[in-house]
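Colleague: next input, structure requested:
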Amino acid sequence: MPDVEKFPGHIACDGASRSEIVVPIVVGGRTVGVIDVDCAVVGGFDEVDKQGLESLAELLAGGCDW
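Modeller: Okay, here's the model as predicted:
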């Protein structure tokens with residue numbers, strides 16, 4: 001979400017949060033967790049960030065006993 005203040009239902013865990021990226025951790029077609037990162041800058045995440053976090057989510061999905 002490039003600007004969390006433009007999303008009416010956004011619930012910020014940090015008042016300084018201006019952008020957020022959330023990537024699911026999926027095991028066997030079931031979401032078992034999420035990686036949720038906030039940033040104090042509008043537009044703080046790009047496609048490279050998304051791809052890196054998706055790779056991390058895959059590692060976690062395969063490396064944890066869910």
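
Colleague: strands along this structure, start to end?
Modeller: Applying DSSP state E to the chain gives strands spanning 19-27, 30-39.

Colleague: okay if I get those as CSV plus mean pLDDT and mean neighbour count?
Modeller: C-betas here are computed from N, CA, C, even on glycine. Output for these, formatted as CSV (pLDDT from 0 to 100; neighbours: other C-beta atoms under 10 Å):
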stretch, mean pLDDT, mean neighbour count
strand 19-27, 95, 17
strand 30-39, 95, 14
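
Colleague: so which of those gets nearest V4?
Modeller: V4 lies closest, by C-beta to C-beta, to one member of the strands of the chain: strand 19-27, at 5.5 Å.

Colleague: relative to strand 30-39, how tilted is that closest one?
Modeller: Put simply, strand 19-27 runs at 160 degrees to strand 30-39, going by axes from the mean of the first three to the mean of the last three C-alpha atoms, to 10 degrees.

Colleague: and the contacts of strand 19-27?
Modeller: Residues from elsewhere that reach strand 19-27, judged by C-beta atoms under 8 Å, 6 or more residues apart in numbering: 1-4, 10, 31-39, 41-45, 49-50, 53-54, 56-57, 60-61, 66.
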